[in-house]
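[1] Mind folding the following:
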Amino acid sequence: MPDVNLIPVDDPQDPRLEVYRDQKDAWLRARHNPAATGQTTGTGMASGLFMGESGLVVREMIALGVATESVLITETRLDSMRDALELLPEGVPVYVASRSLVASLAGFDIHRGVLACARRADTPDALTLAKDARVMVLMEDLANHDNVGGIFRSLGVLVDPARHGAPAVLLSPRCCDPLYRKALRVSIAQALRVPFATLDPWHDGLAALLGGGVRVIALTPSPRARPVRELTPRPGERIALLVGAEGPGLTPETLDLIPEHARIDQRPGADSLNVTVACSIALASILGS
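    Down below sits the predicted model:
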């Protein structure tokens, strides 16, 4: 394998592998994550790391030129990832280990066989990002990584920048991290392609979007809301679909702030749709209008 810095490892205590240790939710707060300990770059931004899991995600990380610091791969996945690994910048270490060693290090069986550690880019200012976006999803307090990743996947798949304009995601401060390993995997790496930022303070930020001419549509199962199939975007309109957490939905304060509410028709008496499914249906309906 030319120009790839392959490093066989057989000791789970190898200090070079510390960043891959215990790939569970607590990893975000681990001592080896600079963002968790307040370390910053010269710009003052948190210099945290993130982890990509699965061949598809790691391939996207490399193809997009993400600042990949190292790769951990099982021996059985080496051949299938050969072409992607050859595109890594010179000197990036590729640690090769048995599947059992990787599983013991990560804390569970990484059956996809590939992990890559990368450095986060600086996060853009939310309102500045919104100025250039034509189609946005606003997430209020989504704490489930699968739902966050699924919405990024839908946005990345359904929004064609050539037809609809640039997409973006704005998160409330209590949303979970779109670049956490599970969210990134579920998004099929769309969280690396669709720009996002945290809107903080949240309600002031929503008011600023409304005042800036963005058409914010709050998605709610309330029977008083307008059916989403009746929404027709105006030419050149900037649209933001606002969704709330699974279960509680949007907060009363947010619903009071946003004048336009929309719902998806469903069978009487049925529970509401999963937030990822609802957001996808609403996006497809609005974009197809």
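[2] outside of the lowest-mean-pLDDT helix or strand in the chain, which residues touch it?
    Of all helical and strand segments in the chain, the minimum by mean pLDDT, DSSP states H and E falls on helix 99-106, at a mean of 88. If you take C-beta atoms under 8 Å, 6 or more residues apart in numbering as the criterion, helix 99-106 is touched by 9-10, 12, 17, 20-23, 72, 74-76, 97, 109-110, 113, 115. Any C-beta I mention is one placed from the backbone N, CA and C, and that applies to glycine too.
[3] Chain neighbours aside, what residue packs nearest to the most centrally placed residue in the chain?
    In the chain, the centroid-proximal residue (C-alpha atoms, centre = their mean) is Pro178; its distance is 2.8 Å. Spatial nearest neighbour of Pro178, chain neighbours left out: Ala191 (4.2 Å); criterion: C-beta to C-beta, 6 or more residues apart in numbering.
[4] element containing the one you found?
    Secondary structure from DSSP states H and E places Ala191 in helix 190-193.
[5] for that helix, packing partners?
    Counting contacts by 3 or more C-beta pairs under 8 Å, 6 or more residues apart in numbering; DSSP states H and E, helix 190-193 packs against helix 55-63, helix 145-158, helix 181-186.
[6] One more pass at 7 Å, please.
    helix 145-158 (3 or more C-beta pairs under 7 Å, 6 or more residues apart in numbering; DSSP states H and E).
[7] Can you show me the strands along this protein?
    5-8, 49-53, 68-74, 93-97, 114-119, 135-140, 167-171, 196-198, 215-219, 226-227, 239-244, 260-263 (DSSP state E).
[8] And those: which comes nearest Leu287?
    Among the strands of the chain, the nearest to Leu287 by C-beta to C-beta is strand 135-140 (7.1 Å).
[9] one step back: got a list of what the residue nearest to Pro178 touches?
    149, 152, 178-179, 183-184 (C-beta atoms under 7 Å, 6 or more residues apart in numbering).
[10] What does the pLDDT read for it?
    Turning to Ala191, the model gives it a pLDDT of 96.
[11] Please apply the same query to the one 4 residues further on.
    Per-residue pLDDT puts Pro195 at 96.
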